[in-house]
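Engineer: Next input, structure requested:
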Amino acid sequence: MGNRFSRSGADQGRTQQLMEPADQQSGARSVAFRDQVLAEQNGALQPDQPPGFLKRHFPHLRWRSVQGVCIVLECVIFLIACLVITPRGYITPEPLANWKLGSSDRTMEQCAYVLQDKYWIELRRMIVPIFLHGNIPHILMSLYFQFSEGTTTEAEFGPVKFFIVFLVTGISGNLLSDAFGVNGVGASTSCYGLIGVQVGRLFVVEWPHIEDMQLKTRLHEHWMRVVGMLAAWEILNWSTIDHYGHLGGFLGGMCLGCVLQKHTSIRFTPLSDQRLFDANNPQQMVAPTKKQRAWASVVLFVLMFGSAGRIYWSSSVTELEMLCPMMWQRYFMEQ
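Structural biologist: Numbering: from 1, shown residues only. Now for the predicted structure:
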């Protein structure tokens, strides 16, 4: 009976296909072709093309993206720090090599703020530490997080806004870290910023528009687990990681989550969560209110310029005139 059922279904399908008008078949082919083109434009793999390891675990990864460029850049700079800049560590960058490239250094930033002149170049230490790493486990953890969270954030906010988030949160983390005299390296400031932008967007902008209580419960439980794991990580590595940098990146991300508009959503759809989308444009996510943007902008301004002010006002011109030339000599040291 099973075989008869199969043949009967096949015959019925062929009969229906013959009965379809030619234009309907042509329309179906056009729709299929359109879907195929859209899938190729979005970087999706064809059904008969098995996904690779990275695509299977990180479905939103695209190498031709801001996050892809940042990942490649971090790997290249890591190799330069290991193999090119002296002293060479070959496997792990030497601290002095990272310093020459531009790791965080509060004193050198004070030289730029106060003495200026040739020390202006030291302002790079607000940005460059994002792309430096201390050892192989450090860069691997950073890259894993960017593969997972960074690619999703870029897919939702778009490349330009993602670049703003990645850069601004990294700078805000480095500034807060330097303001309290903690020098460090790593993209974790920006990684915490990626978490912050999602938290700010979800719990400040989107939360009042979510009607599904079960969805709210799941989202709340998920983010409580994320925050709990991050808190445990900070406590377990209390003496070895830059807490101020992580806090600055996270706060900067929360502020930007309340300022920047999303292009699309990985989590929500217009069919299941209509209130999260613009009534006049169903494909457009709801925008932050003017009040939310204003408060978030003020907090971000205070965070960044307050940190920079603390770095500047905690310096002494007399001491810097003696220290800066001595520190500058480190560029010419081999070990």
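Engineer: how about residue 146, what does it touch?
Structural biologist: Taking C-beta atoms under 8 Å, 6 or more residues apart in numbering, we find residue 146 in contact with 67, 70-71, 187, 191, 194. The way it works is simple: take the backbone N, C-alpha and C, and place the C-beta from them, glycine included.
Engineer: That one belongs to a helix?
Structural biologist: Yes. With DSSP: H, G, I helix; E, B strand; the rest coil as the criterion, residue 146 is located in a helix.
Engineer: And it, how close does it get to residue 249?
Structural biologist: Per C-beta to C-beta, to the nearest Å, residue 146 is found 13 Å from residue 249.
Engineer: any residues in contact with both of those two?
Structural biologist: By C-beta under 8 Å, 6+ apart, the residues touching both residue 146 and residue 249 are residue 191.
Engineer: And the contacts of residue 146, which two are furthest apart?
Structural biologist: Maximum pairwise distance among the contacts of residue 146 (C-beta to C-beta): 13.1 Å, between 71 and 194.
Engineer: between these two, which one's more packed in?
Structural biologist: The neighbour count for residue 71 versus residue 194, taken as other C-beta atoms under 10 Å, is higher for residue 194 (28 against 21).
Engineer: quick one, helices of the stretch 1-150 of the chain?
Structural biologist: Using DSSP state H, counting those that start in this stretch, the helices found in the stretch 1-150 of the chain span residues 2-19, 22-41, 53-57, 66-83, 95-101, 106-110, 136-145.
Engineer: Likewise for the stretch 201-335 of the chain?
Structural biologist: Listed in chain order, the helices of the stretch 201-335 of the chain (DSSP H, counting those that start in this stretch) span residues 213-236, 243-257, 290-313, 317-328.
Engineer: Please name every helix or strand in contact with the first one.
Structural biologist: If contacts are counted by 3 or more C-beta pairs under 8 Å, 6 or more residues apart in numbering; DSSP states H and E, helix 213-236 sits against helix 188-200.
Engineer: Can you give the distance of the helix it packs on from its chain's centre?
Structural biologist: Distance, stretch centre to chain centre, for helix 188-200: 7 Å (C-alpha atoms, centre = their mean, to the nearest Å).
Engineer: So which elements touch it?
Structural biologist: Helix 188-200 packs on helix 136-145, helix 151-157, helix 159-179, helix 213-236, helix 243-257, going by 3+ C-beta pairs under 8 Å, 6+ apart.
Engineer: hmm, 7 Å instead?
Structural biologist: Applying 3 or more C-beta pairs under 7 Å, 6 or more residues apart in numbering; DSSP states H and E, we find helix 188-200 packed against helix 136-145, helix 151-157, helix 159-179, helix 243-257.
Engineer: Take those and write them to JSON lines, including mean neighbour count and distance to residue 119.
Structural biologist: JSON lines is the format used below for the helices and strands packed on helix 188-200 (neighbours: other C-beta atoms under 10 Å; distance: least, C-beta to C-beta, whole Å):
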{"stretch": "helix 136-145", "mean neighbour count": "16", "distance to residue 119": "28"}
{"stretch": "helix 151-157", "mean neighbour count": "23", "distance to residue 119": "35"}
{"stretch": "helix 159-179", "mean neighbour count": "24", "distance to residue 119": "15"}
{"stretch": "helix 243-257", "mean neighbour count": "26", "distance to residue 119": "22"}
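Engineer: Rebuild these as TSV, extending it with distance to residue 114 and mean pLDDT.
Structural biologist: Converted to TSV, the helices and strands packed on helix 188-200 look like this (distance: least, C-beta to C-beta, whole Å; pLDDT from 0 to 100):
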stretch	distance to residue 114	mean pLDDT
helix 136-145	32	94
helix 151-157	37	91
helix 159-179	14	97
helix 243-257	22	97
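Engineer: contacting residues for the nearest residue to residue 77 once chain neighbours are set aside?
Structural biologist: Excluding the flanking residues, the one nearest residue 77 by C-beta to C-beta, 6 or more residues apart in numbering is residue 131, at 5.0 Å. Neighbouring residues of residue 131 by C-beta atoms under 7 Å, 6 or more residues apart in numbering: 73-74, 77, 187.
Engineer: run the last query once more with 6 Å
Structural biologist: Shown in contact with residue 131 (C-beta atoms under 6 Å, 6 or more residues apart in numbering): 73-74, 77.
Engineer: ditto for residue 145
Structural biologist: When contacts are counted by C-beta under 6 Å, 6+ apart, residue 145 touches residue 191.
Engineer: Would you mind measuring from it to residue 134?
Structural biologist: In this structure, residue 145 and residue 134 are 16 Å apart, going by C-beta to C-beta.
Engineer: what pLDDT does the closest residue to residue 80 other than its chain neighbours get?
Structural biologist: Spatial nearest neighbour of residue 80, chain neighbours left out: residue 101 (7.4 Å); criterion: C-beta to C-beta, 6+ apart. Residue 101 carries a pLDDT value of 97.
Engineer: All set now, cheers.
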